[in-house]
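# following is a predicted model, sequence given first.
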Amino acid sequence: MPSSTFENLPPTKKANMKRALLTEFSAHSLATAQVARIVKSAGVARGTFYKYFPDLVDAYQWLLKTVMVDLNIHSTEFMHGQTADYLEAIRQLMVRIHQSDYRPFIKMFYGANEGLLAMQSSAHYPVPGITGTQWAVMVLCHQAIKECLLSPDQQDVVLDRLQEALNNIIGG
């Protein structure tokens, strides 16, 4: 996690680093990202980056959590709906993503970085406190979001398939 030095930065400096991270991680996978490009874009010294974050993975995870909060991706009310609720939530999420500056970042996450992060740590597995049905819905929705981002022209097909699967699991 970022250091207290980073957390206590003035908002403009923090936003500048966020912008530099977003630029880097939207254009380059975690495996090919470079601190040199980030610090150049942010206008800070390399040592300053390491005062803020222990490494690139930590910086990436901070940005990912920030993006998830900004887009309200993991809303707790999302875990207790009916099929129509899940489909509407995903449609609204896709609109928020497409209208945001985060779309390239999220697309890169699903296209390249999701697997790299999973190899780094399994600390977030298994998801605690959810039922088997909630887990199945979560996994299916996650996959649908991924497919919608990576193949936006297939969004209707993906959501129709998700609707069928959710109807089988939780009913209409």
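Okay, I see it.
# check contacts around His98.
Contact analysis of His98 by Cβ atoms under 8 Å, 6 or more residues apart in numbering lists Pro152. Every residue, glycine included, has its C-beta placed from N, CA and C.
# what comes up buried for the longest helix belonging to the chain?
Longest helix of the chain, by residue count under DSSP state H: helix 132-150. Neighbour counts over helix 132-150 (16 or more other Cβ atoms under 10 Å) mark 134, 136-138, 140-141, 144-149 as buried.
# also stretch 60-76?
Result for stretch 60-76 [16+ other Cβ under 10 Å]: buried residues 60-64, 67, 71, 73.
# which elements pack onto the worst-scoring helix or strand of the chain on mean pLDDT?
Lowest mean confidence among the helices and strands of the chain (mean pLDDT, DSSP states H and E): helix 114-120, at a mean of 79. Applying 3 or more Cβ pairs under 8 Å, 6 or more residues apart in numbering; DSSP states H and E, we find helix 114-120 packed against helix 56-70.
# one step back: in TSV, list the buried residues of stretch 60-76 along with distance to Pro10.
Formatted as TSV, the entries for these read as follows, by distance: Cβ to Cβ, whole Å:
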residue	distance to Pro10
Tyr60	23
Gln61	23
Trp62	17
Leu63	18
Leu64	23
Val67	21
Leu71	24
Ile73	27
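# which of these lies closest to Thr32?
Thr32 has its nearest neighbour among the buried residues of stretch 60-76 in Tyr60, at 12.1 Å by Cβ to Cβ.
# mind listing what that closest one touches?
21, 25, 30, 33, 113, 117.
# any of those residues buried? List them.
Among these, those scoring as buried are 21, 25, 30, 33, 113 (criterion: 16+ other Cβ under 10 Å).
# give me the contacts around stretch 145-165.
Applying Cβ under 8 Å, 6+ apart, the contact partners of stretch 145-165 are 83, 86-87, 90-91, 93-94, 97-98, 103, 106-107, 110-111, 114, 140-141, 144.
# got a PyMOL select line for the buried ones in those?
Command for PyMOL that selects the buried part of the contacts of stretch 145-165, burial taken from 16+ other Cβ under 10 Å:
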select buried, resi 83+86+87+90+93+94+97+103+106+107+110+140+141+144
